[in-house]
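Attaching a predicted model along with its sequence, questions to come.
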Amino acid sequence: MRAFLASSIGVACTAALALPLTLNPAPARADRVGSADGSTQSLPLLPLGGGGLDRGAAMSSGAALGVAPRSVRPFSLVGVVWDDASARLGGQVQVRTREAATGAWSAWRDLEALDDDAPDPDSPEGAQSRQRGGTTPLWVGDSNGVQARVSPRGGSGVLSAQPAGLPSGLRLELVDPGRGPATVARPLTTDPSAEPSPEPSSETGSETGSAPSSEASSETGMEEPPADLSASPEAPQADPDDASAPPEPEPSELTPEPSTAPPLELPEEPPNTSSAHPYTAPRPRIVTRAGWGADEKLREKGHRYTKTVKAAFVHHTVTGNAYSCSQAPSMMRSIYRYHVSSLGWRDFGYNFAVDKCGNIYEGRSGGVAKAVQGAHTRGFNTNSMGIAVLGTYSSKKPSSKAVKAVAKLTAWKLGLFGRNPSGTTHLKSAGGNRFKKGTKAKLRVISGHRDGYNTECPGNALYAKLGTVRSTAARLQGR
């Protein structure tokens, strides 16, 4: 989720972050309209310690922007957005929040620029004028106070006294997921080891000026070595990107909405023995959008599909690990609202999500068994699916239940389209920072986000588990 160009910067390296924070609350922009079961507060980021500079002058001069400490309506997820989706952040964003139950303020935590989990540049969704730039959202739980600061940095990527300007329209988004519907699916929470520890972890932010932990400093040793793609077996069917194959059609036009009410969850189901593909796997239990309480009025109507599913990209949401699995439906509603109402996407970005207890959630609407076009891997959203593991896994290892759930999900979904989880495939790039537009990239059928885009996602610790995911998924297909 985090591009290298927007990686976290040491918080002790600048005097800009030491600017005094005024105690006068910043005036709030009118809140966006939210449903009765959720809402978004939108607060403009204004000059902090800027000597009375107006906002435009502050941006051109490099003065820090932010939100002074203030009380707000309850919220559980926070992010920062700006007007132009193509504009780079060019700065460091930090927030701290006040816990509603105790009144305690958190440490300062970084929010990373989000430009890699996104619609393809030339897609109808990517071309929408309402799309905005933004950071990764952070799950903070029940909170009622917030403080934020944004410090620009120069073109070298180092915070400086004379930095370039920040993007216009910077504002803080505070998302309340609401209580959800009265009837929702109950997530399985039977793995005590998967629950968050009482101590704050480095994955959810650190105190300003603190040194990196030894666990974080050893991340590079956890990454899976680059794959020798030429030695990997291809899936048994012909590759549609092969030069001898006919060109792929563009994603279909919007299809109408289903008329029947969906169930709260889809139970486990044996493999389809009548399938045309010889290698299939059981469908795992999936909590549907109705099961986690998606407000279907938020998203755009209709669905967009691609021709097939040739690859699965695995992500982490970088929302932090301080959540219980019983909170996962609230996290899903929060991320959904942030993707649609704050970033201007047509729907939830990922096709599926997995929590630390191994619960699988339907993400973008359109049918769990169909080739729904998502907004998860910039440049490769056609003929692929995106799976996001809820949490941050740069150094913290994902739970075994989460890893197994990803394997079960990929074995089933890729099996529907005859894909070998241990194989490779070709996808045509729609444009990104790793593969130029039009490039036919050879990728693993189960890839990490970083394989298609220069990004830290899905985190070194989760990326190191993808070999296990591939072998388990292939075994579940009977290979």
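Thanks, I have it.

C-alpha only now, for contacts and for neighbours.
OK.

which one's the longest helix in the protein?
In the chain, with assignment by DSSP state H, the single longest helix is helix 400-416.

And that one, what's buried?
Within helix 400-416, the residues that count as buried by 16 or more other C-alpha atoms under 10 Å are 401-416.

Restrict whichever helix or strand comes after that helix to CA atoms and write it as CSV.
Using DSSP states H and E, the helix or strand that follows helix 400-416 towards the C-terminus is strand 424-428. Presented in CSV, the C-alpha positions along strand 424-428 are these (Å, rounded to 0.1, in the frame of the first residue of the first chain):
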residue,chain,number,x,y,z
THR,A,424,2.8,-17.6,-13.6
THR,A,425,0.7,-15.5,-16.0
HIS,A,426,0.9,-12.3,-18.1
LEU,A,427,-1.0,-9.1,-17.5
LYS,A,428,-0.9,-6.0,-19.6
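
Show me what strand 424-428 is packed up against.
Strand 424-428 sits against strand 440-444, with contacts defined as 3 or more C-alpha pairs under 8 Å, 6 or more residues apart in numbering; DSSP states H and E.

What is the strand it packs on packed up against?
strand 424-428.

Report pLDDT for residue 7.
At residue 7, the model reports a pLDDT of 39.

quick one: least confident helix or strand in this protein?
Ranked by mean pLDDT, DSSP states H and E, the weakest helix or strand in the chain is helix 214-217, scoring a mean of 36.

so what strands line up beside the helix or strand following that helix?
Using DSSP H and E, the helix or strand that directly follows helix 214-217 along the chain is strand 265-266. Strand 265-266 pairs in its sheet with strand 286-287 (antiparallel), by DSSP bridges.

Need the contact partners of the strand it pairs with.
Contacts of strand 286-287 from elsewhere in the structure, counted by C-alpha atoms under 8 Å, 6 or more residues apart in numbering, are 185, 187, 264-268, 359-362.

switch to 7 Å and redo it
With C-alpha atoms under 7 Å, 6 or more residues apart in numbering as the test, strand 286-287 has contacts from 185, 264-267, 360-362.

what's near enough to touch the residue nearest to residue 132 when sequence neighbours are not counted?
Leaving out its chain neighbours, the residue that sits closest to residue 132 by C-alpha to C-alpha, 6 or more residues apart in numbering is residue 85, at 4.2 Å. Counting by C-alpha under 7 Å, 6+ apart, residue 85 makes contact with 131-133.

Just name the closest of these to residue 347, please.
Using C-alpha to C-alpha, residue 131 comes nearest to residue 347 of those, at 11.7 Å.

mind listing the helices for the stretch 301-450 of the chain?
Per DSSP state H, counting those that start in this stretch, the stretch 301-450 of the chain carries helices over the ranges 328-337, 400-416.

With mean pLDDT added, can I get those helices in CSV?
CSV is the format used below for the helices of the stretch 301-450 of the chain (pLDDT from 0 to 100):
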stretch, mean pLDDT
helix 328-337, 97
helix 400-416, 98
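
wait, doesn't residue 281 sit right on residue 409?
No: under the criterion of C-alpha atoms under 7 Å, residue 281 is not in contact with residue 409, lying 9.0 Å apart.

Contacts for stretch 343-354 next, please.
Stretch 343-354 is touched from outside by 81, 125, 130-134, 299-300, 336, 339-340, 360-364, 374-376, 385-390, 402, with contacts defined as C-alpha under 7 Å, 6+ apart.

partner strands of whatever helix or strand residue 145 lives in, parallel or antiparallel?
Per DSSP H and E, residue 145 falls inside strand 138-152. Strand 138-152 has its sheet partners listed here by DSSP bridges as strand 65-82 (antiparallel), strand 91-99 (antiparallel).

Export those strands to TSV and append columns for distance to residue 169 and mean neighbour count.
Shown next, in TSV, are the strands paired with strand 138-152 (distance: least, C-alpha to C-alpha, whole Å; neighbours: other C-alpha atoms under 10 Å):
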stretch	distance to residue 169	mean neighbour count
strand 65-82	5	23
strand 91-99	14	23
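
Residue 434: how many residues sit nearby?
By other C-alpha atoms under 10 Å, the residues close to residue 434 number 16.

SS state for the residue lying closest to it once chain neighbours are set aside?
In space, and not counting its chain neighbours, residue 434 is closest to residue 453: 5.1 Å by C-alpha to C-alpha, 6+ apart. Three-state call for residue 453 (DSSP: H, G, I helix; E, B strand; the rest coil): coil.

Am I right that residue 453 is in contact with residue 436?
No: counting by C-alpha under 7 Å, residue 453 does not reach residue 436; the two are 10.4 Å apart.

between the two, who's got more neighbours?
Set residue 453 next to residue 436 and count neighbours by other C-alpha under 10 Å: residue 453 wins out with 24 against 14.

follow-up on the earlier one: so after the strand holding residue 145, what's the next helix or strand?
Following strand 138-152 toward the C-terminus (DSSP H and E): strand 171-176.

Give the rounded mean pLDDT of that following strand.
Averaged over strand 171-176, pLDDT sits at 98.

That one packs against which elements?
The helices and strands touching strand 171-176, judged by 3 or more C-alpha pairs under 7 Å, 6 or more residues apart in numbering; DSSP states H and E, are strand 39-44, strand 65-82.

low pLDDT regions in this protein?
The chain contains residues with pLDDT under 70 at 1-36, 49-63, 116-118, 120-129, 154-164, 182-184, 190-259.

switch to 50 and redo it
Applying pLDDT under 50 to the chain flags the ranges 2-36, 51-54, 57-58, 60-63, 155-157, 159-163, 192, 194-249.

Tell me the buried residues in stretch 470-479?
470-477.

With respect to residue 420, which of those residues is nearest?
When the buried residues of stretch 470-479 are compared against residue 420 (criterion: C-alpha to C-alpha), the nearest one is residue 474, at 6.7 Å.

Who are the packing partners of the helix or strand that contains the closest one?
Assigned by DSSP H and E, residue 474 belongs to helix 466-476. Applying 3+ C-alpha pairs under 7 Å, 6+ apart, we find helix 466-476 packed against helix 400-416.

Counting by contacts, list what the helix it packs on packs against.
Contacts defined by 3+ C-alpha pairs under 7 Å, 6+ apart place helix 400-416 against helix 466-476.

Next, the angle helix 400-416 makes with the helix it packs on.
Angle of helix 466-476 versus helix 400-416, following axes from the mean of the first three to the mean of the last three C-alpha atoms, to 10 degrees, is 50 degrees.

which residues sit in contact with residue 462?
By C-alpha under 7 Å, 6+ apart, the neighbours of residue 462 are 393, 397-398.

So which of those residues is the closest to residue 315?
Of all the contacts of residue 462, residue 393 has the smallest distance to residue 315: 9.4 Å, by C-alpha to C-alpha.

What is the neighbour count of that closest one?
Neighbours around residue 393, by other C-alpha under 10 Å: 25.

Enumerate every residue touching the closest residue to it other than its chain neighbours.
Nearest in space to residue 393, with sequence neighbours left out and distances taken as C-alpha to C-alpha, 6+ apart, is residue 459 at 4.8 Å. By C-alpha under 7 Å, 6+ apart, the contact set of residue 459 is 316, 393-394.

Quick one: the strands in the stretch 251-400 of the chain, in order.
Taking DSSP state E, counting those that start in this stretch as the test, the strands found in the stretch 251-400 of the chain are 265-266, 286-287, 311-316, 352-354, 360-362, 384-389.

Right, I'll call it a day here.
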